[in-house]
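K.L.:
what's the 3D shape of this:
(one chain, ligands or ions: 1)
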Amino acid sequence: MSKPEPGAAPSGPAPDPFRQLLDEVGAFVYTIDLQGCYTYANRLVLELLGHPLDYVLGKDISHFFGEKSNQVIRENDARVLRGGETIAREETNLIKATGELRTYWSMKKPLRDAAGNIVGMLGISHDITEKKRLEDRVRKQKELLDTVLDNVDALVYMKDANRRFVYANQHMADVLGLPVERIVGSLDTDLLPRDLADRFWAMDQKIFASGQRQSSEEAVVDACGRLRHYWRVVVPLPAPDGTPAVIGLSTDITELHELKEELRRQASTDGLTGLANRRSFCERAGHEFARSRRHGTPLSLIAIDIDHFKRFNDSYGHPLGDRVLCAFAACCQSMLREADLCARTGGEEFCILLPDTGLDDARRIAERIRVSAGSLCVDGQSPQLRISASFGVASLESGDQAFDTLFSRADRALYCAKQQGRDCIFAWPGG
Ligand SMILES: Nc1nc2c(ncn2[C@@H]2O[C@H](COP(=O)(O)OP(=O)(O)OP(=O)(O)O)[C@@H](O)[C@H]2O)c(=O)[nH]1
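P.N.:
Residues are numbered from 1 along each chain as shown. Below is the predicted model of the structure:
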């Protein structure tokens, strides 16, 4: 750009096309002399300064900009005017006329005469105030989002249609024991056990196909080797470049899961002996009954009642009675196979379900328990504290329509054992 004539103003009937061009260029174009006074300003500069060219020419920036920003501008200008540098950088101007702070991307270049001496400076600036504001807003929103995502008690991630992680929050990084940068860009198969990655991928594919969110409960071993349970919600969302992707939010429900398991265990277990309770016994017995019916396999039941337990309680106290119940339960358990089920079905009543076992074998098992119970030594007590129990044994018969039929036969057999003097076994129907 050639050096403009100081004080020259576009005037006359045929305006200089070159100046017209500078007025339309969409940037702030100006020149200053060695003293920093304007020697040219295009239309945008004049609009910004709020004065006509006649007024602006020969005046320096102190007439138009706030002093604070002038300091930086002057330093930049000096580097061009004194040092001969060409600089391109961001500058901030406090516009005196409006009180507004605006940001520019400014390119400043020395103007030289024919001998090469610096005679002034050419400045071209682009107003980037709105862009900066937008960037600032985006940055603040990103900071806010990052803060939320990194502090939310959930693993948050984004995965593309090629199984590659596009985003992972800090919580996810902590669980995987990897930095976020290592997760982003990796395939799920690089970071997760193959079967888990494939399970997740199968769910992702369903989402890509249906466009519908999916949810499931997942168990994952974390970086410390602990089994953790997550409630996983995955929703479809296009990646920033428009390609299909999914966003996953996995909430740690380990404690809730453990609580649920504990409640389930408590609901099916007898609190004193740790055996199955009546409810879970009947549930399992129903299944075994159906299975035996289906496969034509035998099924037997032993109903047990400790003898004169009221007398025992009355004589030695309830706490010792409790310990007897526990010892008796352990004794029964020790005589059984994995597939057998022993339950405490009432106060001093027990039931043993024996799948794939006929009446004779069930009778033998009952006899073993009876003998063993007779020599039970509770808390190292003297032999006169020994207990006995009565046993009713019954097996599945062809006409049985439901487990209850077998149950009541075993109960009747138990009644017979009590009638026969206790501490004995009665096998239905024979005795
Ligand atoms: N210690 C203790 N006793 C219990 C528990 N549940 C029930 N019992 C007692 O078991 C006794 C059962 O008594 P009964 O049903 O009269 O029968 P029994 O004294 O065993 O007499 P027979 O069955 O006829 O031999 C009662 O005294 C109950 O209080 C328990 O959890 N702990």
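
K.L.:
what is the residue nearest the centre of the chain paired to in the beta sheet?
P.N.:
In the chain, the C-alpha nearest the mean C-alpha coordinate belongs to Ser250, at 2.5 Å (Cα atoms, centre = their mean). Per DSSP bridges, the residues bridged to Ser250 are Leu155, Arg232.

K.L.:
Could you check how far the helix or strand hosting Lys159 is from the centre of its chain?
P.N.:
Using DSSP states H and E, Lys159 maps to strand 154-160. Its chain's average C-alpha position is 8 Å from that of strand 154-160, according to Cα atoms, centre = their mean, to the nearest Å.

K.L.:
Which strands or helices does whichever helix or strand comes after it pack on?
P.N.:
Downstream of strand 154-160, the next assigned helix or strand under DSSP H and E is strand 165-168. Judged by 3 or more Cβ pairs under 8 Å, 6 or more residues apart in numbering; DSSP states H and E, strand 165-168 is in contact with strand 154-160, helix 180-183. (C-beta placed from N, C-alpha, C; glycine too.)

K.L.:
Confirm for me that the residue nearest to the centre of the chain is in contact with His229.
P.N.:
No - assessed by Cβ atoms under 8 Å, Ser250 is found out of contact with His229, at 9.8 Å.

K.L.:
What is the burial count for the residue of the stretch 151-300 of the chain found nearest the ligand?
P.N.:
Residue of the stretch 151-300 of the chain nearest the ligand, by Cβ to the nearest ligand atom: Leu272 (5.6 Å). By other Cβ atoms under 10 Å, the residues close to Leu272 number 13.

K.L.:
Am I right that Tyr230 is in contact with Thr251?
P.N.:
Yes - judged on Cβ under 8 Å, Tyr230 makes contact with Thr251 at a distance of 6.3 Å.

K.L.:
where does the chain have low pLDDT?
P.N.:
Applying pLDDT under 70 to the chain picks out residues 1-15, 379-384.

K.L.:
What is the longest helix along it packed up against?
P.N.:
For the chain, the helix with the greatest residue count under DSSP state H is helix 129-151. Here helix 129-151 touches strand 100-112, helix 170-176, going by 3+ Cβ pairs under 8 Å, 6+ apart.

K.L.:
Switch those over to a markdown table; also include mean neighbour count and distance to Ala41.
P.N.:
Below are these laid out as a markdown table (neighbours: other Cβ atoms under 10 Å; distance: least, Cβ to Cβ, whole Å):
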| stretch | mean neighbour count | distance to Ala41 |
| --- | --- | --- |
| strand 100-112 | 18 | 14 |
| helix 170-176 | 19 | 51 |
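
K.L.:
could these go into CSV alongside distance to the ligand?
P.N.:
Formatted as CSV, the helices and strands packed on helix 129-151 follow (distance: least, Cβ to the nearest ligand atom, whole Å):
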stretch, distance to the ligand
strand 100-112, 81
helix 170-176, 45
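
K.L.:
Could you provide those in CSV, with additional columns for distance to Pro355?
P.N.:
Compiled in CSV, the helices and strands packed on helix 129-151 are given as follows (distance: least, Cβ to Cβ, whole Å):
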stretch, distance to Pro355
strand 100-112, 82
helix 170-176, 42
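
K.L.:
follow-up on the earlier one: which residues touch the strand holding Lys159?
P.N.:
149, 165-169, 171-172, 175, 183, 188, 204, 230, 237, 239, 243-252 (Cβ atoms under 8 Å, 6 or more residues apart in numbering).

K.L.:
Just the buried ones from those residues, in PyMOL syntax?
P.N.:
Of these, the buried ones can be selected in PyMOL as follows, counting by 16 or more other Cβ atoms under 10 Å:
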select buried, resi 149+165+166+167+168+169+171+172+175+183+188+204+230+239+245+246+247+248+249+250+252
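
K.L.:
Ser215 contacts Trp231, correct?
P.N.:
Yes - in this structure, Ser215 is within contact of Trp231 by Cβ under 8 Å, at 7.0 Å.

K.L.:
Contact residues of this structure facing the ligand?
P.N.:
By Cβ under 6 Å from any ligand atom, the residues of the chain that approach the ligand are 272, 305-311, 313, 318, 321-322, 325, 347-348, 418, 422.

K.L.:
if we can go back for a sec, could you say which of the helices and strands packed on strand 165-168 is packed most deeply?
P.N.:
strand 154-160 (a mean of 20; mean count of other Cβ atoms under 10 Å).

K.L.:
one step back: in a strand, the residue of the stretch 151-300 of the chain closest to the ligand, correct?
P.N.:
No - looking at Leu272 with DSSP: H, G, I helix; E, B strand; the rest coil, it is coil, so not inside a strand.

K.L.:
Just give me the neighbour total for Ile306.
P.N.:
Ile306, neighbours per other Cβ under 10 Å, totals 21.

K.L.:
right, and it touches Arg386 too?
P.N.:
No - the pair Ile306 and Arg386 fails to qualify as a contact (Cβ under 8 Å) at a distance of 11.4 Å.

K.L.:
Which stretches in the stretch 201-350 of the chain count as strands?
P.N.:
214-221, 227-236, 245-252, 299-306, 341-344, 349-355 (DSSP state E, counting those that start in this stretch).

K.L.:
May I see these arranged in CSV, with distance to Thr39 as well?
P.N.:
Output for those, formatted as CSV (distance: least, Cβ to Cβ, whole Å):
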stretch, distance to Thr39
strand 214-221, 69
strand 227-236, 60
strand 245-252, 56
strand 299-306, 109
strand 341-344, 102
strand 349-355, 105
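
K.L.:
Compare those and report which one is nearest to Asn117.
P.N.:
Smallest distance to Asn117 across these (Cβ to Cβ): 60.4 Å, for strand 245-252.

K.L.:
relative to strand 154-160, how tilted is that closest one?
P.N.:
160 degrees (axes from the mean of the first three to the mean of the last three Cα atoms, to 10 degrees).

K.L.:
Work out the gap between strand 245-252 and the centre of the chain.
P.N.:
6 Å.

K.L.:
helices and strands around that strand, which ones?
P.N.:
Strand 245-252 packs on strand 154-160, helix 194-210, strand 227-236, going by 3+ Cβ pairs under 8 Å, 6+ apart.

K.L.:
what angle separates it from strand 227-236?
P.N.:
Going by the same axes, to 10 degrees, strand 245-252 makes 150 degrees with strand 227-236.
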